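>>> What follows is a predicted protein model with its sequence.
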Amino acid sequence: MIRGIPSENDFFDHGLDYLNLGWGTILGLCLDIAEVEEGTGGVEPEMKADFWEAAERELATGLSLIEQGAEFLLKSRICKVSPWLLISRNPSEWPRRCETEDVDYTQFRTIDAQDLLKVHNTFASERLPEEFEAVFESLRRERNSIMHTVDKNLRFNSALLIEKVLIVSDHLIGNRSWVSTRREFIERDKHSAIHRDDSEYRVALEFMTVVSLLTDSKLRKFFGFTKRQRAYGCPNCCHSSKYVTLECRTALLRPNNPSSKTIYCFICDTESTIERQDCTFEDCKGNVYDSDWDECLTCLRLQA
């Protein structure tokens, strides 16, 4: 008998953790450079290039975690069909005396990462599309280059790695589900164990950075957010910290018309009611007003 047979949830939970750890590594670097740029008013191109060159190993670590997360999430989907599909090799190569003694599932060799997609698309009711296949294969090749060779020509792009996480999430977790997935992870990570009130602030800070890095088409695809529409301050995200106020312009009018009195933010997934009131500052032509904070949501200044 085989003991310790894993469930789809076992693989899924591990996959989520690895994907989150990879994302956190990449976003941590992006936040580091953004903080320096904000504090100094800008960073010279040469200095920024030096920063990313020095961060290559951390980017590589982040990529490895992302690839591992994608593998586990794929195994979860295969395991949903049957955990036995993950067992590799002929019976003659199985653990000794497995036919006469109880053996743990972990003693069996499982199929290689390069075969996961083939097995999934052969047995699963829905095949994964070419978009996911291309991303998974690129992650796998790049990870192999990191683990098995020293490829001096291998370079990583933070925005591209962020996009790959979002593609993996869309296909293996759920369409446009990454913000809520990320929030759940942050709420139970080591930082929240100490600073229990800052999880919403950290989520807002991360996705403000993502908005600045991704193109409009990618933002529309993954979050339903567009840079082509005027964005206003989100009352929830801007005031998600007790200590600092964020300039989190991620709220869009819903519907998008001059008389609309509702704004929606994809980060906190909240609709907020606003009032139409001209800003008291002459240099601001905004008329989207939040009465709770007595704040113009166009310029994010308290009203005089």
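Nice, I can see it. Owing to the predicted nature of the structure, the values given are computational and were not obtained by experimental measurement.

>>> What is the burial count for N144?
14 (other CB atoms under 10 Å). Every residue, glycine included, has its C-beta placed from N, CA and C.

>>> Could you count how many residues lie near the residue nearest to L31 when sequence neighbours are not counted?
Leaving aside its sequence neighbours, L31 sits nearest to T209 (CB to CB, 6 or more residues apart in numbering; 5.9 Å). Neighbourhood size, T209 [other CB under 10 Å]: 18.

>>> do the one 3 residues further on as well
If you count neighbours by other CB under 10 Å, S212 ends up with 11.

>>> next one: D292
As a measure of burial, D292 has 10 neighbours, counting by other CB under 10 Å.

>>> what residues are up against the residue nearest to L31?
By CB atoms under 8 Å, 6 or more residues apart in numbering, the residues touching T209 are 27, 30-31, 34.

>>> Tell me which helix or strand comes right after whichever strand or helix holds it, heading toward the C-terminus.
If you go by DSSP states H and E, T209 is part of helix 199-213. Next helix or strand after helix 199-213 toward the C-terminus (DSSP H and E): helix 216-223.

>>> helices or strands next to that next one in the packing?
helix 158-172 (3 or more CB pairs under 8 Å, 6 or more residues apart in numbering; DSSP states H and E).

>>> How about residues contacting the helix it packs on?
Contacts to helix 158-172, defined as CB under 8 Å, 6+ apart, come from residues 15, 19, 22-23, 26-27, 29-30, 52, 59, 62-63, 66, 69-70, 73-74, 76-77, 128-129, 131-132, 135-136, 138-139, 176-178, 181, 210, 213-214, 218, 222.

>>> how about a cut-off of 6 Å?
23, 26, 30, 66, 70, 73, 128, 132, 135, 178, 213, 222 (CB atoms under 6 Å, 6 or more residues apart in numbering).

>>> quick one, the helix holding T209 and helix 158-172 angle?
In terms of direction (axes from the mean of the first three to the mean of the last three CA atoms, to 10 degrees), helix 199-213 departs from helix 158-172 by 110 degrees.

>>> all strands for the chain, in order.
2-3, 103-104, 232-233, 249-253, 262-265, 270-273, 275-276, 288-290, 295-296 (DSSP state E).

>>> That'll do, ta.
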